[in-house]
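Student: starting from these lines, generate the structure:
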Amino acid sequence: MQQIIEQNVNFGLVRRRRLMQICAISALGLLIALAVANGITFIIFATGLGCLLLAFGFAFQHKLQISAHILLWSLAAMLSAFALTGAGLFDLAILGYPCLLIFAAILGNIGLFVSILSFIIAQCILLTWLTLHDHITPNIPSLSWPHLVFILIIFIITGFSVYILVRDMKRLMLSLQHENSKVQLSQVKIQHLAHHDALTNLANRLYGEQLFQQKLEYCQRKQQQLALLFLDLDNFKPVNDALGHAAGDELLKQLARRLSDILPGDHHLIRFGGDEFLVLAPGPAGRDHLIKLAANIIKNVTAIFNILQNQVTVSASIGIACAPADGNDFKQLCRKADIAMYRAKEDGRNTYHFYDDSLDKANDDKFKLLQLLRLALTEQQFRLYYQPQIALGSGQITAVEALLRWPQADGSMISPDQFIPLAESSGLICELGSWVLRQACQHCALLRRQGFAELRVAVNLSVIQFKDGLLPGTVHAALQQAELPAEALELELTESLLADDTEHILLQLDTLSQLGVTIAIDDFGTGYSNLSYLRRFNASTLKIDRSFISTEEQWQANAPLVQAIIQMAVSLGLNTIAEGIESADAIRKLQALGCNEGQGFYWSPAVPIEQLPALFTALQLSAQASPATSNTNLLIEDGV
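Tutor: You can find the predicted model right below:
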């Protein structure tokens, strides 16, 4: 819109300048003609000169329409007057009509031009009729020098009008050529933007598909394979969170330049979106060159980036699919490479994985399991089983850990290792976790009313349950609904959870601690084992992972580490619970190291709520008979 306004303003200025120029040159011509004119000729020239000066004045005042009408009609009238008083159609004034039409074309609109043209035609017809019917007699003067002056003035004014018209046309043509060049350049830029990522200047997904088709046709002619490498940065979000999006953008630009420099000339790097990239790699069949390429890409991705005066390191996971072995459709190959990339992440990240059909089957199985999971949640097919935690010194039951089970109609169980990660990735873990909290609190309250007044229940939490910040409210509501005191509930967190968005989690854990809920660190020793986390999160219990003590071989390999964990817990005033105890020998060793409690198959596997009262009674009797090392497995096997 602004450009159109500017163009209109410029056109008005040019038109005003042309009006003033034509008025000036015509007035100058008439002034010269006055010097050699006499009689009626002098009067006509003088009148015309006055009109031209008036038109010039209106043009100067930006009244262009009035000025153009005065100029053109005064010239038309002047030429007509000369023709009528002179030689008619043979008069020199007739030579001025072409000039008048040129002025009308330059200065007037279509209406004014047609009016002047019509006037000239009518004038010529009238003069012819009047002459043929002897109403006027043409007065053909003898040739004189003033006639030459008049002719030259007409030619000069006509030549001037033709000159400025042609010059304006040339200028217009140049302007059109310039605008056309700008349009062509804009089209090139638009096409480039449509095909390239604005941040990295790499080919975008749309153009990437075209490049894929071109490369695929080339590889098919050469009987080669075309590999598609799907690259995703493993830890790009913390860069954005810590340094801002400007730093993230700079990292992506540097990464694009770095990878472009190392790729062979016939390879293409494509920004798929976000922190995801594609590499089109034509080459011979086989994996050897692709393995080298993937390793080289990972090596360059993990090299240090200097971002806004900070040294930043990231890593990448790569999935690889190949045409024609894995298909020839771009979207399908992207999906398969994406699946392989996620398997690379599951394999520990910062690595690569080739696609194979088993990955699709695993995905199908996950999808089917997810549908069953949604149905199971709606129909409340899940059940809570409980495994007791035993004081190693006295053999008394201190608490039970709530463990989620998914029984099937045929009597089998779907392992939590299968459905818990799926519930986390799908977001169902929040709803499922809320149900577990409510059920566990209600069951614990029921058992306390049945005579086990000091019983406590431990519930495992997922990091996903902290994301929306609603966990403290969910826990408080579960305790109130079950009428269970907060100190009877212990929440178990894994070490990996403590390293994820700690400030957000810390705020919620502080709120939970204020309610009176205790915090336990589960699987301690298998993750970060960061002492500062224990202090910041007000943990009261450390659970030693079963992988350290379940078998004699594990114990022999990990005894120093177990001892160090227990000593650290003692120095911090924390309670310790060893998981996976399966023998009396393990109990004695843990007691000697100062471990407080244990749980495992030595006492009992996890059992439904209905079996807990009988199990508690049997364990209490056994503890009274032989504290700490009593084995109740036979009781469990007999159905107690």
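Student: can you tell me the element Ala227 falls in?
Tutor: Assessed by DSSP states H and E, Ala227 sits inside strand 225-233.
Student: leaving out sequence neighbours, find the closest residue to His69.
Tutor: Of all residues not flanking His69 in the chain, Leu112 sits nearest, at 6.8 Å (CB to CB, 6 or more residues apart in numbering). Every residue, glycine included, has its C-beta placed from N, CA and C.
Student: OK, contacts around that neighbour?
Tutor: Listed by CB atoms under 8 Å, 6 or more residues apart in numbering, the contact set of Leu112 reads 68-69, 72, 104.
Student: one more pass at 10 Å, please.
Tutor: Leu112 makes contact with 65, 68-69, 72-73, 104-105, according to CB atoms under 10 Å, 6 or more residues apart in numbering.
Student: try Ala391
Tutor: Contacts of Ala391 were listed using CB under 10 Å, 6+ apart, and they are 397-399, 575, 577, 596-598, 623, 627-628.
Student: likewise Gln210?
Tutor: Contacts for Gln210 (CB under 10 Å, 6+ apart) come out as 195, 203, 330.
Student: and the helix or strand encompassing it, which residues are buried?
Tutor: Assigned by DSSP H and E, Gln210 falls within helix 205-222. Neighbour-count burial for helix 205-222 flags 205, 207-209, 211-212, 215-216, 219 (criterion: 16 or more other CB atoms under 10 Å).
Student: for Glu431, state which of the residues you listed is nearest.
Tutor: Arg205 (34.3 Å; CB to CB).
Student: surely the closest one is in contact with Ala194?
Tutor: No: if you go by CB atoms under 10 Å, Arg205 and Ala194 don't touch, sitting 11.4 Å apart.
Student: how many neighbours does the closest residue in space to Trp555 that isn't next to it in sequence have?
Tutor: Spatial nearest neighbour of Trp555, excluding adjacent residues (CB to CB, 6+ apart): Ile549 at 5.3 Å. Ile549 has 25 neighbouring residues, counting by other CB atoms under 10 Å.
Student: Leu619: which of the buried residues of helix 205-222 is nearest?
Tutor: The nearest member of these to Leu619, counting by CB to CB, is Arg205 at 61.6 Å.
Student: who touches the closest one in this structure?
Tutor: Contact analysis of Arg205 by CB under 10 Å, 6+ apart lists 197, 270-273, 276, 278, 330-331, 334.
Student: let's see that with 8 Å instead.
Tutor: Listed by CB under 8 Å, 6+ apart, the contact partners of Arg205 are 270-273, 278.
Student: save the residues you listed as TSV, and put in neighbour count and pLDDT too.
Tutor: Supplementary listing: these in TSV, determined by neighbours: other CB atoms under 10 Å; pLDDT from 0 to 100:
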residue	neighbour count	pLDDT
Ile270	25	94
Arg271	23	93
Phe272	20	90
Gly273	11	87
Leu278	27	95
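Student: among those, which are in strands?
Tutor: The members of those that map onto strands under DSSP state E are 270-273, 278.
Student: which one of the residues you listed sits closest to Phe150?
Tutor: When these are compared against Phe150 (criterion: CB to CB), the nearest one is Arg271, at 76.1 Å.
Student: next up, the contacts around the closest one.
Tutor: Applying CB under 8 Å, 6+ apart to Arg271 gives the contacts 197, 199-200, 202-205, 252, 256, 277-278.
Student: kindly reformat those as JSON lines containing distance to Asp338.
Tutor: Putting the contacts of Arg271 into JSON lines (distance: CB to CB, whole Å) gives the following:
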{"residue": "Asp197", "distance to Asp338": "18"}
{"residue": "Leu199", "distance to Asp338": "21"}
{"residue": "Thr200", "distance to Asp338": "20"}
{"residue": "Leu202", "distance to Asp338": "18"}
{"residue": "Ala203", "distance to Asp338": "18"}
{"residue": "Asn204", "distance to Asp338": "17"}
{"residue": "Arg205", "distance to Asp338": "13"}
{"residue": "Leu252", "distance to Asp338": "19"}
{"residue": "Ala256", "distance to Asp338": "20"}
{"residue": "Phe277", "distance to Asp338": "12"}
{"residue": "Leu278", "distance to Asp338": "10"}
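Student: please convert the buried members of the residues you listed into ChimeraX selection syntax.
Tutor: The following ChimeraX line selects those of the contacts of Arg271 that are buried, judged by 16+ other CB under 10 Å:
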select :197,200,202,203,204,205,252,256,277,278
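Student: of the contacts of Arg271, which one scores lowest on pLDDT?
Tutor: Note: of those, the lowest pLDDT belongs to Asp197, at 86.
Student: separation between the nearest residue to that residue once chain neighbours are set aside and Leu231?
Tutor: The shortest distance from Asp197 to any non-neighbouring residue, by CB to CB, 6+ apart, is to Arg271 (4.2 Å). With distances taken as CB to CB, to the nearest Å, Arg271 is found 10 Å from Leu231.
Student: what's the answer for His476, then?
Tutor: Noted for His476: a distance of 44 Å to Leu231, by CB to CB.
Student: who's more crowded, the two?
Tutor: Per other CB under 10 Å, whichever of His476 and Leu231 has more neighbours is Leu231, with 27 against 15.
Student: need the contact list for the more buried one.
Tutor: Applying CB under 8 Å, 6+ apart, we find Leu231 in contact with 276-279, 297, 301, 316-318, 341.
Student: change it to 6 Å
Tutor: Listed by CB atoms under 6 Å, 6 or more residues apart in numbering, the contact set of Leu231 reads 277, 316, 318.
Student: wait, a helix at Trp406?
Tutor: No: counting by DSSP: H, G, I helix; E, B strand; the rest coil, Trp406 is not found in a helix; it is strand.
Student: can you name the residues bridging to it?
Tutor: Trp406 forms beta bridges with Ile414, as assigned by DSSP bridges.
Student: neighbours around it, how many?
Tutor: The tally of other residues near Trp406 (other CB under 10 Å) stands at 18.
Student: could you do Val162 as well?
Tutor: Val162 has 14 neighbouring residues, counting by other CB under 10 Å.
Student: nearest spatial neighbour of it, chain-adjacent residues omitted?
Tutor: Counting by CB to CB, 6+ apart, Ile102 is the residue found nearest to Val162 once chain neighbours are left out, at 6.3 Å.
Student: for Gln381, same thing?
Tutor: Nearest to Gln381 is Trp406, by CB to CB, 6+ apart, at 6.5 Å.
Student: I'd say the one you found and Ser412 touch.
Tutor: No: assessed by CB atoms under 6 Å, Trp406 is found out of contact with Ser412, at 9.6 Å.
Student: quick check: Phe82 touching Ala93?
Tutor: Yes: counting by CB under 6 Å, Phe82 does reach Ala93; the two are 3.5 Å apart.
Student: one step back: any chance of the contacts of Leu231 in TSV with distance to Pro608 as columns?
Tutor: As requested, the contacts of Leu231 are arranged in TSV below (distance: CB to CB, whole Å):
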residue	distance to Pro608
Phe277	50
Ala316	46
Ile318	46
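Student: neighbours around Phe330, how many?
Tutor: 20.
Student: angles on the backbone of it, please.
Tutor: Phi and psi for Phe330, reported as degrees, to the nearest 10, are phi -60, psi -50.
Student: ok, of the contacts of Gln210, which one's closest to Cys124?
Tutor: The closest of the contacts of Gln210 to Cys124 turns out to be His195 (CB to CB; 62.9 Å).
Student: so for the strand or helix carrying Glu503, mean pLDDT?
Tutor: Assigned by DSSP H and E, Glu503 falls within helix 502-515. Mean per-residue pLDDT for helix 502-515: 85.
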